[in-house]
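1. here is my input, please return the structure:
(one chain, ligands or ions: 4)
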Amino acid sequence: MSRPGATRPHGSRGEIVTNRDVTHVLLDMADLVELSGDDPFKAVAYRKAARAIDQYPEDVSLLVEQGRLLEVPGVGKGIAGKVEELVRTGTFRLYEELKARVPPGLRDLLRLPGLGPKTAAQLHQRLGVDSLESLKAALDSGAVRDLPGFGEKKAENLRHSLESLQHVADRTPLGHVLPWALPLRDTVAALPGVERAELAGSLRRRRDTVGDVDVVAAADDPPAVLAAFAGLRGVAEVLGQGDSKCSVVLDNGRQVDLRVVRPDQFVTTLHHFTGSKDHNVRLRARAKDRGLKLNEYGLFHEDGSPVPIRSEEEIYRALGLAYIPPELREDLGEVEAAEEDRLPDLLRLEDIRGDLHVHTRWSDGLATVREMAHAARDRGYEYLAISDHSPSLVVAGGLTPERLRLQWDEIRQAAEELGFPILRSAEVDILRDGSLDLPDEVLAELDFVTASIHTGFRQDRETLTQRVLRAMENPHVDSIAHPTGRLLARREPYLVDMDRIIEAAVRTGTCLEINASPERLDLSAEHARQARDAGVMIAINTDAHQVETLEDMWFGVGQARRAWLGPSQVLNARGLPALLDYLKIT
Ligand code: DGT
Ligand code: CA
Ligand code: CA
Ligand code: ZN
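-> Ligands and ions are numbered 1, 2, ... in the order given. Okay, the predicted model is just below:
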């Protein structure tokens, strides 16, 4: 498994402060600022800096050492000073002050979907709520319901999100795991005697979140490799070790299962630990029906003699099946499809011809139109759509129609200079009443209109669904971005009725987005597959706020593959003429 450009500098190596570490502290700081009732714009600045540092191609500790922190776009003098202190001392004074002032449990409340810092502060001041437990107690006693501005419905929503939070928190977004899992695989591959090592489990199946990380390696002397692995720097605790398996917890708190087998067993072991479990169960039963036995050690005849297996393709062939790629191995119809040779022709990263949702400095992005377009061209794209925010999103610097027109001048100039097609787009807010944040005359002048919800997440299901439906009814709206608003491991989806949205997408010819940001991956694979089956056109977009995150397309494509999508069902897998044709732009 490889991901181009995935080895970013932040890693798991331990004592040095990585970009990811700094990012986490700055994001935490932003929440603390808001919870303490300080200026919300300060929180915005911390988040912007956090995002910039997370994605910056150089090591933040090196930048500090060389006094070059201010080169990171989005990092101003004030924050640079704090980052420097953080890198040198492991924390900074203001952060410690706020942590001491804001009850730690209060911060946990922010993980509830739709509960912002303002409400958290209110619950704290009025009811003394300072943790998820005390929130539950306040809900049970009816105190929350009786608060001004709350009521039965809001209290009920809150209770619902509280219940679902438990279930979200156990898994980690794939995008947080890969940056250390890929180097870990390389480390294992480089251990003495190891022939090859691969990531397996949910990570190889490219699930949006993963539980633990599974690695499978081939070597002639497995116990020696396992011992070397258990002794690696970065291994905090060995949970268990046998002749072929070792489970450890790393310094970063994550669990890794390593299996080491002889080279002739590698393929079947890799296959077994790629899973999923349900897929394996199906294959084992199928093998049995054919007088064969399949397990992690190999494929065997009834008399125990092995069927020679050199590749996963051969496992499937021996079972009378077409090859099933890891992303489809979930027992969701793939075995039947492989049997009848009607597996989909899955989308590949190379099929993607452009990105239809990115931001620039015109709103809350970090790069210019030119820089984004240049990077898109360097990726081999044929076009790029610039979709900055609309005016109601003040904290994100949303564009008024006047500023949008100024942006169009820049878009035209950049497109001419680079000889690269740049589409005029906008991510227009769907307001609380379902109206759009830009007038129709302006929308009519855009090449591609993406609509999305950024406010009022806590409205009830019917209201939220109606907002989206109304946006889709607008003939200028081409696509709905991040349709459920989920943030992986942080915020539950808002309560939209996806069946009705999909049905309306078909009726109105509106695309639904797979937002490729590894923090979102929204639509989920399940919803995207449902949309695909209904005939909805899907757009896979990074929502990049800077050049580097154009790379996130890889995650979006993984999600699309899990949704059984092929190039013909993906709008931005079309070349420019076909895209313009679809959008009826002449
Ligand atoms: P995760 O870690 O929750 O994100 O999901 P997985 O799929 O990585 O699950 P994990 O780590 O428990 O196991 C890795 C693979 O090993 C799993 O996908 C299939 C295989 N496996 C584990 N336990 C069983 C089992 O009881 N039966 C079978 N047939 N396969 C299993
Ligand atoms: Ca796993
Ligand atoms: Ca595992
Ligand atoms: Zn966006």
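2. point me to the residue of this protein nearest ligand 2.
-> Gly201 (3.2 Å; Cβ to the ion). C-beta coordinates here come from the backbone N, C-alpha and C atoms, glycine included.
3. my guess is that residue meets Asp212, correct?
-> Yes - counting by Cβ atoms under 8 Å, Asp212 is a contact partner of Gly201 at 7.2 Å.
4. joint contacts of these two?
-> Listed as contacting both Gly201 and Asp212 by Cβ atoms under 8 Å, 6 or more residues apart in numbering are Asp257.
5. out of these two, which sits in the busier spot?
-> Higher neighbour count among Gly201 and Asp212: Gly201, with 22 against 16, using other Cβ atoms under 10 Å.
6. measure stretch 67-84 end to end?
-> The first residue of stretch 67-84 is 9 Å away from its last residue (Cα to Cα, to the nearest Å).
7. so which bits of it are buried?
-> The neighbour-count check on stretch 67-84 (16 or more other Cβ atoms under 10 Å) flags Leu69, Val72, Pro73, Gly74, Val75, Ile79, Ala80, Lys82, Val83, Glu84 as buried.
8. sorry, back to before: list the contacts of the residue of the chain closest to ligand 2.
-> So Gly201 contacts Val210, Gly211, Asp212, Val213, Asp214, Asp257, Phe273, Thr274, Gly275 (Cβ under 8 Å, 6+ apart).
9. only whichever of these are buried, select them in PyMOL.
-> Buried subset of these, written as a PyMOL selection, criterion 16+ other Cβ under 10 Å:
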select buried, resi 210+212+213+214+257+273+274+275
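10. could the contacts of Gly201 be laid out in CSV, adding pLDDT, secondary structure and distance to ligand 2?
-> Output for these, formatted as CSV (pLDDT from 0 to 100; DSSP: H, G, I helix; E, B strand; the rest coil; distance: Cβ to the ion, whole Å):
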residue, pLDDT, secondary structure, distance to ligand 2
Val210, 95, strand, 6
Gly211, 93, coil, 5
Asp212, 94, coil, 4
Val213, 97, strand, 6
Asp214, 98, strand, 5
Asp257, 97, strand, 7
Phe273, 98, helix, 8
Thr274, 98, helix, 10
Gly275, 96, coil, 8
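11. which of the contacts of Gly201 sits closest to Leu347?
-> Using Cβ to Cβ, Thr274 comes nearest to Leu347 of these, at 19.9 Å.
12. check the gap between that closest one and Val267 for me.
-> 11 Å (Cβ to Cβ, to the nearest Å).
13. ligand 2 contacts on this protein?
-> Neighbours of ligand 2 within the chain, by Cβ under 5 Å from the ion: Gly201, Ser202, Asp212, Asp214.
14. now those residues in JSON lines, with distance to Pro306?
-> Output for the residues of the chain next to ligand 2, formatted as JSON lines (distance: Cβ to Cβ, whole Å):
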{"residue": "Gly201", "distance to Pro306": "25"}
{"residue": "Ser202", "distance to Pro306": "28"}
{"residue": "Asp212", "distance to Pro306": "30"}
{"residue": "Asp214", "distance to Pro306": "24"}
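15. looking at those residues, which is nearest Gly193?
-> Using Cβ to Cβ, the residues of the chain next to ligand 2 come closest to Gly193 at Asp214, 20.1 Å.
16. quick one: the spatially closest residue to that closest one that is not a sequence neighbour from Gly275, how far?
-> Nearest residue to Asp214, sequence neighbours excluded (Cβ to Cβ, 6 or more residues apart in numbering): Gly201, at 3.4 Å. Note on Gly201: its distance to Gly275, by Cβ to Cβ, is 6 Å.
17. okay, now the unreliable bits of the stretch 101-250 of the chain?
-> For the stretch 101-250 of the chain, the stretches flagged by pLDDT under 70 are 113, 166-169.
18. what does it put close to ligand 1?
-> Gly201, Ser202, Val210, Gly211, Asp212, Asp214 (Cβ under 6 Å from any ligand atom).
19. can you redo these as TSV with distance to Lys584?
-> Converted to TSV, these look like this (distance: Cβ to Cβ, whole Å):
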residue	distance to Lys584
Gly201	45
Ser202	41
Val210	41
Gly211	45
Asp212	48
Asp214	48
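20. with those residues in mind, which one is nearest to ligand 4?
-> Nearest to ligand 4 among those, counting by Cβ to the ion, is Val210 at 25.2 Å.
21. who touches that closest one in this structure?
-> Shown in contact with Val210 (Cβ under 8 Å, 6+ apart): Arg171, Thr172, Leu174, Val177, Gly201, Ser202, Leu203.
22. please redo it, this time with the cut-off set to 6 Å
-> Thr172, Leu174, Val177, Ser202, Leu203 (Cβ atoms under 6 Å, 6 or more residues apart in numbering).
23. report how many residues lie close to Asp499.
-> When neighbours are counted by other Cβ under 10 Å, Asp499 registers 12.
24. not counting its neighbours along the chain, what's nearest it?
-> Gln530 (7.9 Å).
25. and what of Gly211?
-> Gly211 sits nearest to Arg171 (Cβ to Cβ, 6+ apart), 5.8 Å away.
26. follow-up on the earlier one: now render the contacts of Gly201 as TSV, adding distance to ligand 3.
-> Formatted as TSV, the contacts of Gly201 follow (distance: Cβ to the ion, whole Å):
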residue	distance to ligand 3
Val210	9
Gly211	7
Asp212	4
Val213	7
Asp214	5
Asp257	4
Phe273	7
Thr274	11
Gly275	9
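27. can you tell me which of the contacts of Gly201 is nearest Ala489?
-> Val210 (10.7 Å).
28. of all residues in the stretch 151-300 of the chain, which one is closest to ligand 4?
-> For the stretch 151-300 of the chain, Cβ to the ion, closest residue to ligand 4: Gly175, 16.6 Å.
29. tell me, how many residues neighbour that residue?
-> 20.
30. nearest to ligand 1, of the contacts of Val210?
-> Ser202 (3.2 Å; Cβ to the nearest ligand atom).
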